[in-house]
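Q: below are the sequence and a predicted model; questions follow.
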Amino acid sequence: MKIYLADKQYLSILNKINQLSSYLLESKILKEIYSDEGIYNLDDMNIFKLNIVNEETNVKTLNNLDLIIEKTKIDKEKVTQLPINHIYIKNKIEIYKVNKRSLLSLHIIYYNSPVYSFESKGFTDNFIAYDYFFYISDNYDYTITDNLLIENINEFLSLLK
């Protein structure tokens, strides 16, 4: 389940990511293919077609914090071929947790804006943060009214002041 902060003032979080460096749990490259036939994910030596099931999205206000809760599910289907006409996009995701046992994590998404290097005579990756969301594992039955959820979100926000 993804949780977004509805208040635009929290976009400034993206400018303060370096304050979270000690909480970084994982950083990985996302390789995605977009085509008329669908969205595909490349993972090591496998290709997966993403089947997106849009479920309910709602807004809740808890402790003066407006949250957008998205319960979209993504099923992965292993495939062996890609469509001929497609676009390849390489992004990066960083995952942060305030502690390893926390159920809530903060995901920062970066898009790749390659920069040409005259020295190496080629393009190098240049990742720029553009989105973030909080995430709770789908297989955990977590009620959105739980105060622990707000405490975890507020803990992240206090680190970014």
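A: Structure's in. What do you need? Residues are numbered from 1 along each chain as shown.

Q: which ones are touching the closest residue to residue 23 other than its chain neighbours?
A: On the basis of Cβ to Cβ, 6 or more residues apart in numbering, the spatially nearest residue to residue 23 that is not a chain neighbour turns out to be residue 96, at 4.5 Å. Using the backbone N, CA and C atoms, a C-beta is placed for each residue, glycine as well. By Cβ atoms under 8 Å, 6 or more residues apart in numbering, the contact list for residue 96 reads 20, 23-25, 105-108, 156.

Q: what of residue 125?
A: Residues touching residue 125, when contacts are defined by Cβ under 8 Å, 6+ apart, comprise 90, 112, 114.

Q: the first one should be in a strand, yeah?
A: It stands for residue 90. Yes - going by DSSP: H, G, I helix; E, B strand; the rest coil, the assignment for residue 90 places it inside a strand.

Q: buried subset of the contacts of residue 96?
A: Buried subset of the contacts of residue 96 (neighbour count, 16 or more other Cβ atoms under 10 Å): 20, 23, 105-106, 108, 156.

Q: nearest to residue 29, of the residues you listed?
A: Within those, the smallest distance to residue 29 is 13.6 Å, found for residue 108 (Cβ to Cβ).

Q: restricted to helices, list the contacts of residue 96.
A: If you go by DSSP state H, those have residue 156 in helices.

Q: and the contacts of residue 96, which is closest to residue 124?
A: Checking these against residue 124 by Cβ to Cβ gives residue 108 as the nearest, at 20.3 Å.

Q: can you pull up the bridge partners for the closest one?
A: With DSSP bridges as the criterion, the beta-bridge partners of residue 108 are residue 94, residue 132.

Q: surely it touches residue 17?
A: Yes - under the criterion of Cβ atoms under 8 Å, residue 108 makes contact with residue 17 at 5.9 Å.
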